[in-house]
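Novice: quick one, fold the following:
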Amino acid sequence: MNNQDPIKAHQHSSCHYSEIMKSEICGCFYCLKIFKPAIIKEWIDDETKTARCPYCDIDSVIGEKSGYPITKAFLQEMYDYWFV
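Specialist: Purely as a prediction, here's the structure:
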């Protein structure tokens, strides 16, 4: 995976309600949990709707419809880029 992937993938972590709801699975690149979008209960901003992780409450959720793999390895790569 090239080093640009976490940067490009990050574009899919906000203003993404439609993409998240069309996804079979989502993942949080802060706490590294993988889950179904149906358990997301909180969204930031009524208009743009950015998901908050149901486990850690951070807005670092990405869905599989983003085109990026929702795996522990990729979520870890994103965490390492954005939070370390």
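Novice: kindly list the longest helix within this protein.
Specialist: The longest helix of the chain (DSSP state H) is helix 72-83.
Novice: which other residues reach stretch 17-29?
Specialist: By CB atoms under 8 Å, 6 or more residues apart in numbering, the residues outside stretch 17-29 that reach it are 12-13, 33-37, 40, 43, 48-51, 53, 55-56, 58, 60-66, 70-71, 74-76, 78-79, 82-83. Quick note: C-beta positions are derived from backbone N, CA and C, even for glycine.
Novice: got a quick ChimeraX command for the buried subset of those?
Specialist: Buried residues among the contacts of stretch 17-29 (16 or more other CB atoms under 10 Å), as a ChimeraX selection:
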select :12,13,33,35,37,40,43,49,50,51,53,60,61,62,63,64,65,66,70,74,75,78,79
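Novice: looking at the contacts of stretch 17-29, which are in strands?
Specialist: 34-35, 43, 50-51, 61-63 (DSSP state E).
Novice: redo the residues you listed as TSV? Include distance to residue 24 and pLDDT.
Specialist: Converted to TSV, the ones in strands among the contacts of stretch 17-29 look like this (distance: CB to CB, whole Å; pLDDT from 0 to 100):
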residue	distance to residue 24	pLDDT
34	11	99
35	11	98
43	19	95
50	20	96
51	15	97
61	14	98
62	13	98
63	8	97
